[in-house]
Structures are given as structure tokens and as C-alpha cells.
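Participant: Mind looking at a prediction? Sequence and model below.
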Amino acid sequence: MSQTTFLNRQALFLRPDPTRVVVRPFKPATEPRDLKPTDKTRANHIVDRVLGLDSEVAELQLAEILENFEGRHRNLLATFEKRANEMEEAFAPHIAFTKVQRQLVGAYFMHEYSFEASALFNPSIVAHADQSGVPRGSKRFILSLRAVGEGHVSSLTFRSGIVDQNGTVDIEPTARLASIPSFDNPSPSSPDEPLELKFSSEQPISERVIFPMTAAQSNGIEDARLVEFEEAGQRTYYATYTAYDGRDIRSELLETKDFLSFRMTPLAGTAAKSKGMALFPRKIDDQYAMIGRQDNENLYLIRSNDLHVWNGGEIILGPKFPWEFVQMGNCGSPIELDEGWLLLTHGVGPVRRYAIGAALLDKRDPSKVLARSKEPLVHPEPSEREGYVPNVVYTCGAMRHNDQIVLPYAICDTFSNFSTIKIADLLDTLTG
């Protein structure tokens, strides 16, 4: 069966939008190495200049800033106040200052960042917790995407939509504004301490952007693999992702029940030093289970009694066919079917051409591979080969809907689209 007849491609594309911006703290360039403790920093100099303005001039400056930027951000004055509160040391030498001056100082230490100016890719999809009002046979979903902006910094953004009974996907309109969350502990005392973050219910899901906050994440939160996890009758959404500081990587875990409050926790153990980990949606034999890649070639099954500690693992899949000779990786959490665990995979072949395949794992013992793709399910079409990284198709997670798999995937690390696949047709392509 050819890819053309196998996939039901949707005329729906999610492309990067440089007009969507968040406002973030700005820090002046690095200070001279010979700076003495008694010397003033650049931040001190900027504060001195702002507080030296005549009160009327300061008010005019703040009014002009609001005229230019207030419609682009939510609660901008409060954001300026919060930023000023983080700079008490710079205010300390000054005896008195007005609220306007504080807000103006806050403005000088903020900047806009176009978080998806370059790319919107590597999507992952889960069923929404709220299915009220959805037509019979349809399903509301949440989509996570990796957004890339200036300096190739990656953040996590979201969309919501509905897939109808026939598999047609519709994405809800994207919010005009974009916002980063508030943090309960913005400066963890330890690099391994969890980070707590929160959005307001006033912010639609497409407004919410999780931007790198810790040193380990400073160059990116990459390739979140969402999964709806069931345990003891409770639903929790997890996402394994890669934290990147510009040189080193580590796997971390995002946890939420409502996509408003999140907890980000570094994962420990030898297996967590690699990227591409994906959590099974439930325990197996009373243990948590992950699929991961530890040697840049093979896929491992990893088991643990502790959700945050992952060691060891056993190889279950390795390169076998020409389209995956360079390396293999997972494409999201396994999907439970009557026939077994459906694991979407990616393979890299000649000329670094990526393709998406699948494997079927035994439901009771997922270390046993029942069948796998001899040929890829999805590969770059001639019209889909050009972009930031040519010849790449990639997904971080699909979703079962009725008798189909809803597959969001990225093209050339640039934009994302959707296809659906009949489960029966997909299974027929797998060989033992």
C-alpha cells in the first residue's frame, strides 16, 4: 500500500508566526571581569538614569511604552512591577522613588521574544480532559508543539482542537496574546529541585508558553512527548522532554492535571542522560515503563519503581531495514491496542533522510516485538523536503480515535500538519 493511499492527509498546517511574542526579563551584557564588589553594575547605571528623570518625563515615557506595547501583552504594568521587585539591589542606593519610576525601571529590564519565529514542529497529542459539548464520535484534544525563536531557543506551546468521527481534524483559533507562567519557586535552591509553574484560567491554552527557566533548560525545552497516564482511577498528563543548556542534555518530566498548573522535575539515573524517552500510559506488572534510546542507535525498554529515577534497560529494537540504518528512535508514548502496544518509531537513512515507522509490542511483556515496519509509514514527499532541516518528518506522539490513529507530524523541522491512519491498515503493513 503506497503512502498516498495509506495516509489520509489533512489540509491543515500549523506554521510559525513571528507576530506572537512573550515579554521576558532582559539582562545587560556580561560585566567586566575586574568589577569590584563596590563598583556599580550596568544595571545600577540604568536604574540611576531612569530614576534621574524628571517625574513628568518619566510619566510620559511610561505612557509611550504602554501605548506601544500594552495591546501585545496581558497585565503589562503588573509585569513591569514584578520585574522591578526582582531588582531590589539596584534600587537600594536610592532613598525614594515613585511607583511610576519602579514600573519604568521594570520596562527597561524586559524585552519581547518571538518564540515561534523560526519553527513550530515536533507535535504531540492527547485527549482533552474536558469532552463536554463534543459531538458524538468526536474527540477534543490538546496538542503540544516545540516552538523555536531567535538564537534557536526552544519552548513549549499548545493548541486545542477536535477530531470528528470521520477523522477530520480542526484546530481552534490561536490566541492573539502569548504569556509565560508565574512561578512558585523561580530560583530553585538545587538544580534537581522541581519547578512549579502556573497559568491563569483567563489564558486560553494557546496563549500558554512554557519558556526555559533553569540553567539546564537555558537553550531549550525540546520535543515533549505527551501521554495521558492512568493510575488508581486518576488521570495525570505527563510529558518527557529534553532540557538543553547549549552543551549538555538531560531528560526531564512535565506533570499536570489541568494544563494550568505544571511541575517540571529532572529525571535521575543512567537512562535519563539521553534524549527521546517516552512513558507508557500505565504501569506494567506494577512498574512504570519507558521507551528510550541510550546509544544513538537502538530502542530500549526501561522499567522503574520510581517515576523520577530510570536506570539500565534492555534493547528491544535496532536498525534492520535500509530506511533506519543510521539510527532509530521513538516517536512518542506507546498506544494501547487490543493487539498490543503500538510504538511509532523514526528511522534515519541515506542522506540523513528521516521517516516514521511502527512496531507492535506484546501487551503483557513489551520487551517482545511482535511485528514492525519493513517500509516507513510516512516519509518526506517531494513537496515536503524543503525547510530548516531538509528531508525530515517527525512526531512526538499520536492518539487513538475510534478505529484510527491521529498522527500530527512535523516537516523539515519547520511546520506541522496532520494525517490519520486506519488502525487495521497500519497493522496490515507490519511484518513479524
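Facilitator: Okay, I see it.

Participant: what kind of secondary structure is A107 in?
Facilitator: Under the three-state scheme (DSSP: H, G, I helix; E, B strand; the rest coil), the conformation of A107 reads as helix.

Participant: I figured it hits K82, correct?
Facilitator: No. Using Cβ atoms under 8 Å, A107 makes no contact with K82, being 11.7 Å away. Just so you know, the C-beta spots here come from the backbone N, C-alpha and C atoms, and that holds for glycine as well.

Participant: Comparing these two, which residue is more hemmed in?
Facilitator: Neighbours per residue (other Cβ atoms under 10 Å) separate A107 from K82, with A107 holding more: 23 against 14.

Participant: The more buried one and I46: what is the separation?
Facilitator: Taken as Cβ to Cβ, to the nearest Å, the spacing of A107 relative to I46 amounts to 11 Å.

Participant: Check G71 too.
Facilitator: Distance, G71 to I46, by Cβ to Cβ: 26 Å.

Participant: Same check on V348?
Facilitator: Note on V348: its distance to I46, by Cβ to Cβ, is 48 Å.

Participant: More neighbours: those two, which one.
Facilitator: Neighbours around V348 and I46, counted as other Cβ under 10 Å, are more numerous at V348. The numbers are 21 against 16.

Participant: Read off the pLDDT value for the closest residue to the more buried one other than its chain neighbours.
Facilitator: When the adjacent residues along the chain are set aside, V348 lies closest to V326, with 3.9 Å between them (Cβ to Cβ, 6 or more residues apart in numbering). Per-residue confidence at V326 stands at 96 (pLDDT).

Participant: quick one: contacts for V326?
Facilitator: V326 sits next to 319, 347-349, 352 when contact means Cβ atoms under 8 Å, 6 or more residues apart in numbering.

Participant: Quick check: which ranges of this structure have low pLDDT?
Facilitator: Counting by pLDDT under 70, the low-confidence segments of the chain come to 1-5, 29-40, 95, 185-189.

Participant: ok, back up a step: how near is the residue nearest to V348 to P350?
Facilitator: Between V326 and P350 the computed distance is 8 Å (Cβ to Cβ).

Participant: Most remote residue from the middle of this protein, which is it?
Facilitator: With distances taken from the mean C-alpha point of the chain and given as Cα atoms, centre = their mean, the most distant residue is D54, at 45.0 Å.

Participant: residue boundaries of the strands in the stretch 51-200 of the chain?
Facilitator: Listed in chain order, the strands of the stretch 51-200 of the chain (DSSP state E, counting those that start in this stretch) span 110-113, 119-127, 139-148, 154-163, 169-171, 182-183, 195-198.

Participant: For Q101, which of these is the nearest?
Facilitator: The minimum distance between Q101 and these falls on strand 110-113, with 15.3 Å, by Cβ to Cβ.

Participant: That closest one - contacts with which helices or strands?
Facilitator: Strand 110-113 sits against strand 22-25, helix 76-85, with contacts defined as 3 or more Cβ pairs under 8 Å, 6 or more residues apart in numbering; DSSP states H and E.

Participant: Make JSON lines from these and add distance to R235 to it.
Facilitator: Shown next, in JSON lines, are these (distance: least, Cβ to Cβ, whole Å):
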{"stretch": "strand 22-25", "distance to R235": "29"}
{"stretch": "helix 76-85", "distance to R235": "33"}
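
Participant: Select, out of the ones you listed, the one closest to S182.
Facilitator: helix 76-85 (8.5 Å).

Participant: Quick check: bridge partners of M328?
Facilitator: Beta-bridge partners of M328, counted by DSSP bridges, are G347.
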